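Enquirer: What follows is a predicted protein model with its sequence.
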Amino acid sequence: LKMAEIFSGLMDKTDVPYDLHLFQALGYTNLETAVETLILENFDLVLYSQVWEYGGFGEGQGFINALVSRATSRGILWMNAAGNFAKSTFMSRVERGADDWALLPGPYQSIQIRCYRNETGFCPIRLVLAWNSFSDAVNQGTDKDLDLVLSDDTLTVLKTGGLVQKRPIVPGTRGVSIYPREIVEPKLKPGLYFARVKIRSSNFTASDRLRLTVSGTSVELLNK
């Protein structure tokens with residue numbers, strides 16, 4: 001809404017006629033359908049307010065970037081929201097430590113997350129682990145496997161993102177994914193928490209990197 005308001009406010013100061021169209025683009029399938037319509041109907045400009053924590057790794061590759069490139073290659077200008085992850089993102093190499101935990105800078109090979117006291121008494125958060133195994137083809141996937149574990153300050157495990165990354169997937173199989181990402185969405189009480197990453201497969205190389213992003217109310221990622 002704010003992106004559209006800024007754009008329309010600027011355009012209203014010119015003599016250039018324009019129309020604004022609202023698309024349902026939440027999720028990959030809706031986004032793909034919207035891009036196809038943009039191309040078919042010769043749109044000029046996209047104001048895209050969503051920021052993906054996965055689907056690419058900031059290097060211009062991956063299936064989200066490939067989809068956007070389909071539009072920009074047809075001359076459509078794409079303006080994307082920057083997101084609010086600057087102070088809530090941690091990136092590092094995938095390095096194996098003791099007991100196959102990834103080497104991270106916090107205690108117990110972790111990334112520390114602080115939930116601060118607020119009027120609701122809780123911090124609903126979204127914690128996403130992604131790694132740079134995204135292909136430009138949405139159905140290609142990866143067999144490089146990481147798990148995400150969230151613990152409290154007593155090391156009690158609260159949430160686990162433990163999908164098995166493998167390809168191909170037999171239809172109907174549960175607990176598996178081709179996508180290099182794990183997501184947990186807990187409701188935390190004020191306090192200190194530890195996010196840890198378990199390396200489940202042996203096929204990671206020196207070029208592999210992981211990224212943790214956290215979003216929510218009154219929450220801070222302490223390791224940068």
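Expert: Cool, the structure landed.

Enquirer: Please count neighbours and contacts with C-alpha atoms only from this point.
Expert: Fine.

Enquirer: Identify the single longest helix in this protein, thanks.
Expert: helix 28-40 (DSSP state H).

Enquirer: List of residues touching it?
Expert: Helix 28-40 is contacted from outside by 23-25, 64, 67-68, 70-71, 74, using CA atoms under 8 Å, 6 or more residues apart in numbering.

Enquirer: Repeat that for stretch 157-177.
Expert: Outside stretch 157-177, the residues that reach it (CA under 8 Å, 6+ apart) are 140-152, 178-180, 182-184, 186.

Enquirer: ok, how many other residues are close to residue 172?
Expert: Under the neighbour criterion other CA atoms under 10 Å, residue 172 is assigned a count of 7.

Enquirer: so it sits in a helix?
Expert: No: using DSSP: H, G, I helix; E, B strand; the rest coil, the assignment for residue 172 is coil, not a helix.

Enquirer: any idea how far it is from residue 146?
Expert: For residue 172, the distance to residue 146 (CA to CA, to the nearest Å) stands at 22 Å.

Enquirer: cool, residue 79 as well?
Expert: Taking CA to CA, one finds residue 79 at 32 Å from residue 146.

Enquirer: And those two? Which one has more around it.
Expert: More neighbours surround residue 146 than the other of residue 79 and residue 146, with 26 against 12 (other CA under 10 Å).

Enquirer: what number of residues lie near the closest residue to the more buried one other than its chain neighbours?
Expert: For residue 146, ignoring the flanking residues on the chain, the nearest one in space by CA to CA, 6 or more residues apart in numbering is residue 199 at 4.9 Å. Counted with other CA under 10 Å, residues neighbouring residue 199 total 22.

Enquirer: which ones are touching residue 199?
Expert: 96, 100-102, 145-147.

Enquirer: Buried among the residues you listed? Make that a PyMOL selection.
Expert: Listed next is the PyMOL selection for buried residues among the contacts of residue 199, using 16 or more other CA atoms under 10 Å:
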select buried, resi 96+101+102+145+146+147
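
Enquirer: can I get the contacts of residue 199 in TSV with pLDDT?
Expert: Formatted as TSV, the contacts of residue 199 follow (pLDDT from 0 to 100):
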residue	pLDDT
96	96
100	97
101	97
102	98
145	97
146	98
147	98
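
Enquirer: Redo the contacts of residue 199 as a markdown table? Include distance to residue 128.
Expert: What follows is those, written out as a markdown table (distance: CA to CA, whole Å):
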| residue | distance to residue 128 |
| --- | --- |
| 96 | 20 |
| 100 | 20 |
| 101 | 17 |
| 102 | 15 |
| 145 | 14 |
| 146 | 12 |
| 147 | 11 |
